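Undergrad: Mind folding the following:
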Amino acid sequence: VTLKSALKRLTLRGMVEASRDPVMPYRFVHALTRDVAYASIPRRDLHGLHETVADWLESHDDLVPGDTSAMIAFHLGQAFAAVDADWDATADHISSVKRRWVRWTIRAARRAIAATAFTEAKRLARRAADNACDDEQKVNALECLGNAHFFSYEGDDAWDVLTQAADLASEAGVRRLSDVATLYIRALASTVRWAGGVRHPPVPRELRERITRAGELLESGDSVERVQLLTVVGFWPFATVGHADTSLISEVEARTAALEAADMARRLGRVDLESAALDGLGSTHIFKGDYLAADEVTHRRRDLYGSLTDPWERGDLCAVASWVAFERARYDESIEWATRGIDIAGSDYPSVALHCRTWRGLARFRSGDWYGALEDLASVETAAVGGIAPYTTPLVAAAALVHHLRGEDRACDRLLEALVPTDEPEGPELS
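TA: The predicted model follows:
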């Protein structure tokens with residue numbers, strides 16, 4: 001019996017039908033039929049069938065459109081779940097199936113991050129981390145999970161997972177020293193540069209220890225990693241203002257580091273890193289309310305806009321340009337930059353869009369466009385799955401005032417309840 005004749009017979013019986021999907025040219029007519037057919041396969045044969053499909057997908061990826069890593073990971077996961085039913089399966093074979101499954105799951109998580117499917121990436125990375133066969137796989141899985149949290153603007157989780165990955169990589173010796181430094185730097189950036197996405201910031205002393213550790217792992221001279229580390233140092237005053245031990249790095253040291261990072265990035269020809277370094281330099285003025293000096297830095301950063309290709313960096317530039325213009329009472333300009341950032345972020349970078357909407361809503365509020373401010377607030381609330389994001393609270397407060405002035409007490413109280421502090425420690429303010 002050939003595959004073609006078998007499919008024809010099943011089609012005539014009304015069990016499967018042809019599909020226009022190039023990945024699945026045939027599909028079951030009913031899900032119940034599919035489930036019954038699958039359940040009828042002897043469990044000891046399941047792993048072999050799933051491995052055969054995974055092997056074929058792996059060796060014929062040129063015949064299947066799109067990315068096949070998630071499909072391969074799925075079939076290897078099903079194979080590993082069923083291999084214990086085959087008494088003839090050796091321990092080496094079982095170990096091999098598990099290792100392949102974890103490896104492909106990590107690859108699928110990386111592809112999901114590249115496609116900005118961060119929720120799926122976190123699911124896959126967690127599964128890989130829980131089933132890692134050795135320290136190297138564990139580090140790779142944790143790095144994926146940390147990056148997914150990082151790009152989701154979930155600073156607390158990104159810091160926890162990435163530092164765990166860096167510590168393990170350092171102890172186990174499964175990464176080059178510069179790669180370990182990169183993990184520490186990404187962890188630091190998640191809570192220092194992107195402080196607005198952190199609810200429970202680490203204590204400054206812990207941050208300082210990781211900065212020192214990352215610096216010790218880097219070779220001297222210009223490098224991407226050194227630019228990134230110096231940029232982190234530049235954000236220190238902004239991220240630690242109001243905390244104990246903020247003096248571990250002085251304001252002058254932070255500003256000097258940010259300037260050095262910007263110059264080094266320019267020497268390396270990395271416009272994206274230069275933009276990030278200037279963001280750090282601007283933050284040394286923003287944290288103390290010196291928006292005149294911040295405006296000068298922002299104008300220098302805005303000159304890089306046309307050369308930036310990273311949508312995250314471009315969107316952040318727009319958000320900060322809107323923020324500074326707002327504080328300088330240039331509300332039309334603030335709205336213009338924020339709207340540009342929202343368009344860049346789209347649905348792929350929701351945290352960037354929320355940051356831009358916050359400042360656009362505030363600029364609309366100050367301009368007397370209260371309907372526009374409430375419109376931006378509605379978008380912020382729609383995205384507030386786990387609660388109002390810390391960096392959107394200024395807009396929430398402004399909207400509460402609008403409702404109060406309108407006599408809409410119930411709506412005002414609802415927003416004020418979202419702003420009531422819980423047991424969270426004080427952190428840096430965004431306005």
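
Undergrad: all contacts plus neighbour counts: C-alpha atoms, from now on.
TA: Will do.

Undergrad: Check which helices and strands the host helix or strand of Thr52 is in contact with.
TA: Using DSSP states H and E, the element containing Thr52 is helix 43-59. For helix 43-59, the contact count by 3 or more Cα pairs under 8 Å, 6 or more residues apart in numbering; DSSP states H and E identifies helix 69-82 as packing neighbours.

Undergrad: The helix it packs on packs against which elements?
TA: Packing contacts for helix 69-82, counted by 3+ Cα pairs under 8 Å, 6+ apart, involve helix 43-59, helix 91-114.

Undergrad: Which residues are in contact with the residue nearest to the spatial centre of the chain?
TA: Central residue of the chain (Cα atoms, centre = their mean): Phe151, 1.3 Å from the mean position. For Phe151, the contact set (Cα atoms under 8 Å, 6 or more residues apart in numbering) comprises 118, 349.

Undergrad: who are the neighbours in contact with Asp316?
TA: Counted by Cα under 8 Å, 6+ apart, Asp316 has contacts 341, 352.

Undergrad: Measure how the helix holding Thr52 sits relative to helix 69-82, angle-wise.
TA: Helix 43-59 and helix 69-82 are oriented at 160 degrees to each other (axes from the mean of the first three to the mean of the last three Cα atoms, to 10 degrees).

Undergrad: and helix 43-59, how far from the chain's centre?
TA: Helix 43-59 sits 33 Å away from the centroid of its parent chain (Cα atoms, centre = their mean, to the nearest Å).

Undergrad: go on, stretch 164-183?
TA: How far stretch 164-183 lies from its chain's middle: 20 Å, per Cα atoms, centre = their mean.

Undergrad: which residues of this protein score low on pLDDT?
TA: 385-386, 421-431 (pLDDT under 70).

Undergrad: what do you get if the cut-off is 80, keeping everything else the same?
TA: 1, 22-24, 63, 65, 384-388, 420-431 (pLDDT under 80).

Undergrad: can you dump the C-alpha coordinates of the helix or strand harbouring His355 into PDB?
TA: In the assignment (DSSP H and E), His355 maps to helix 350-366. Below are the C-alpha coordinates for helix 350-366, written out as PDB (Å, rounded to 0.1, in the frame of the first residue of the first chain):
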ATOM      1  CA  PRO A 350       3.900  46.400  22.800                       C
ATOM      2  CA  SER A 351       6.100  47.800  25.600                       C
ATOM      3  CA  VAL A 352       7.600  50.400  23.300                       C
ATOM      4  CA  ALA A 353       4.100  51.300  22.100                       C
ATOM      5  CA  LEU A 354       2.800  51.700  25.700                       C
ATOM      6  CA  HIS A 355       5.700  54.000  26.500                       C
ATOM      7  CA  CYS A 356       4.900  56.100  23.500                       C
ATOM      8  CA  ARG A 357       1.200  56.100  24.300                       C
ATOM      9  CA  THR A 358       1.900  57.300  27.800                       C
ATOM     10  CA  TRP A 359       3.600  60.400  26.700                       C
ATOM     11  CA  ARG A 360       1.200  61.100  23.800                       C
ATOM     12  CA  GLY A 361      -1.700  60.800  26.200                       C
ATOM     13  CA  LEU A 362       0.000  63.200  28.700                       C
ATOM     14  CA  ALA A 363       0.700  65.700  25.900                       C
ATOM     15  CA  ARG A 364      -2.900  65.400  24.700                       C
ATOM     16  CA  PHE A 365      -4.000  66.000  28.300                       C
ATOM     17  CA  ARG A 366      -1.900  69.100  28.700                       C
END
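
Undergrad: next one: phi and psi at Phe28?
TA: Main-chain dihedrals, Phe28, degrees, to the nearest 10: phi -70, psi 140.

Undergrad: how far away is the residue nearest to it when sequence neighbours are not counted from Thr52?
TA: Counting by Cα to Cα, 6 or more residues apart in numbering, Val16 is the residue found nearest to Phe28 once chain neighbours are left out, at 4.2 Å. Note on Val16: its distance to Thr52, by Cα to Cα, to the nearest Å, is 21 Å.

Undergrad: Settle it for me: which of those two has more neighbours?
TA: The neighbour comparison of Val16 against Thr52 (other Cα atoms under 10 Å) goes to Val16, with 19 against 15.

Undergrad: The more buried one touches Ala31, doesn't it?
TA: No. Val16 lies out of contact with Ala31 (Cα atoms under 8 Å); the separation is 10.4 Å.

Undergrad: Does Leu308 touch Leu273 like I think?
TA: No. Judged on Cα under 8 Å, Leu308 makes no contact with Leu273 at a distance of 9.8 Å.

Undergrad: of the two, who's got more company?
TA: Leu273 (23 against 17).

Undergrad: part of a strand, is the more buried one?
TA: No. Assessed with DSSP: H, G, I helix; E, B strand; the rest coil, Leu273 is helix; it does not lie in a strand.

Undergrad: Spatially, which residue comes closest to it, not counting chain neighbours?
TA: Leu273's closest residue in space is Ala265 (Cα to Cα, 6+ apart), at 5.7 Å.

Undergrad: just Arg34 next, same as before
TA: Among residues not flanking Arg34 along the chain, Phe28 sits closest, at 5.9 Å (Cα to Cα, 6+ apart).

Undergrad: Report the contact partners of that neighbour.
TA: So Phe28 contacts 15-17, 34 (Cα under 8 Å, 6+ apart).

Undergrad: I'd like the helices and strands packed on helix 69-82 written out as a markdown table, with distance to Glu209 added.
TA: Shown next, in a markdown table, are these (distance: least, Cα to Cα, whole Å):
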| stretch | distance to Glu209 |
| --- | --- |
| helix 43-59 | 43 |
| helix 91-114 | 29 |
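
Undergrad: Any idea which of those gets closest to Gly289?
TA: Comparison of those against Gly289 by Cα to Cα identifies helix 91-114 as nearest, at 35.6 Å.

Undergrad: Next, the buried residues of the closest one.
TA: For helix 91-114, the neighbour count (16 or more other Cα atoms under 10 Å) marks 94, 97-113 as buried.

Undergrad: and for that helix, what are the contacting residues?
TA: 67, 69-70, 72-74, 76-77, 79-80, 83-84, 118, 120-122, 124-125, 127-128, 131-133, 137, 140-141, 144, 147-148.

Undergrad: For Ser40, what are phi and psi?
TA: phi -80, psi -10.
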